[in-house]
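Trainee: coords below, sequence missing:
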C-alpha cells in the first residue's frame, strides 16, 4: 500500500517541481528590457521630475515597455538620477536611469489674452514701448504688477511684439492698437 501511494505521489511531485522550474525560468533581469537608461531631457514644473514623469520617459524610449504598468520608483529622484524597479515577479533587479531637467515654460500667449489694445494716446506718431506695455498690463489683469514684459523693436504700423524677460514664459505675442495723438496745450 505504501508503495502504491509512493508511486501515486511521484508524478504529482514531478509536476510541481517542473512548474516551479518553468516559473523560475520566467524571471529575467529588468536590465534586459530597460536598455535605454539615459533618458535625455525631461520637462517638468518642479526642480526634479516626478516619478510618473520619469516612468513615462522610460516607456517612451524603451519600446517593449510602452504598454507596461509594472515599473516603479521607490525613492524621490535626485541629482538627475532615479532607480527603476519592477512591480511584478517577471523581472528582477533594478536599473539606474539618468536624465537632465528642463523647467516647463508656459506660453506667454496663455496669460496675454487681450491682444487688441484699443486706442493708445501718445505724443508721437506711434506709442513708446512703455506706453504699449502699460496698455497690455491695463487690459490683462494677471499682468498688472508684472515687470517681465518687453518690446525689442519700436512699435510701428499700429503693432508691437511683446516678449517675456524671464524664463517662466516662452514665445511672443503680437498686439495691435490704434493711435490717438495727444494735443499739445
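Mentor: Everything's here; your move. Bear in mind the structure is a predicted one, so any value in this text is a computation, not a measurement.

Trainee: which residues of this protein score low on pLDDT?
Mentor: Along the chain, the parts satisfying pLDDT under 70 run over 1-7, 11, 14-26, 184-185.

Trainee: please enumerate the helices of it.
Mentor: Counting by DSSP state H, the chain has helices at residues 2-26, 51-61, 108-111, 129-139.

Trainee: quick check: domain ranges of this protein?
Mentor: What automatic domain parsing lists as the domains of the chain is 21-103, 107-181.

Trainee: any chance of a markdown table for the ones you listed, columns distance to residue 12 and mean neighbour count?
Mentor: Any C-beta I mention is one placed from the backbone N, CA and C, and that applies to glycine too. Shown next, in a markdown table, are those (distance: least, Cβ to Cβ, whole Å; neighbours: other Cβ atoms under 10 Å):
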| stretch | distance to residue 12 | mean neighbour count |
| --- | --- | --- |
| domain 21-103 | 15 | 15 |
| domain 107-181 | 67 | 15 |
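
Trainee: a markdown table for those, including distance to residue 8?
Mentor: Below are the domains of the chain laid out as a markdown table (distance: least, Cβ to Cβ, whole Å):
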| stretch | distance to residue 8 |
| --- | --- |
| domain 21-103 | 22 |
| domain 107-181 | 74 |
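
Trainee: which parts of the protein are strands?
Mentor: In the chain, the strands defined using DSSP state E lie at 28-29, 38-44, 71-72, 81-86, 91-92, 94-103, 106-107, 116-122, 149-150, 159-164, 169-170, 172-181.

Trainee: and those as CSV, adding distance to residue 56?
Mentor: What follows is the strands of the chain, written out as CSV (distance: least, Cβ to Cβ, whole Å):
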stretch, distance to residue 56
strand 28-29, 22
strand 38-44, 9
strand 71-72, 10
strand 81-86, 12
strand 91-92, 19
strand 94-103, 11
strand 106-107, 20
strand 116-122, 39
strand 149-150, 33
strand 159-164, 28
strand 169-170, 21
strand 172-181, 30
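
Trainee: which of those sits closest to residue 60?
Mentor: Set against residue 60 and scored by Cβ to Cβ, the strands of the chain come closest in strand 38-44, at 8.5 Å.

Trainee: partner strands of that closest one, parallel or antiparallel?
Mentor: Using DSSP bridges, strand 38-44 pairs in its sheet with strand 94-103 (parallel).

Trainee: how far away from the center of its chain is the strand it pairs with?
Mentor: Chain-centre distance of strand 94-103: 13 Å, with Cα atoms, centre = their mean, to the nearest Å.

Trainee: with stretch 140-151 instead?
Mentor: The answer for stretch 140-151 is 25 Å, by Cα atoms, centre = their mean.
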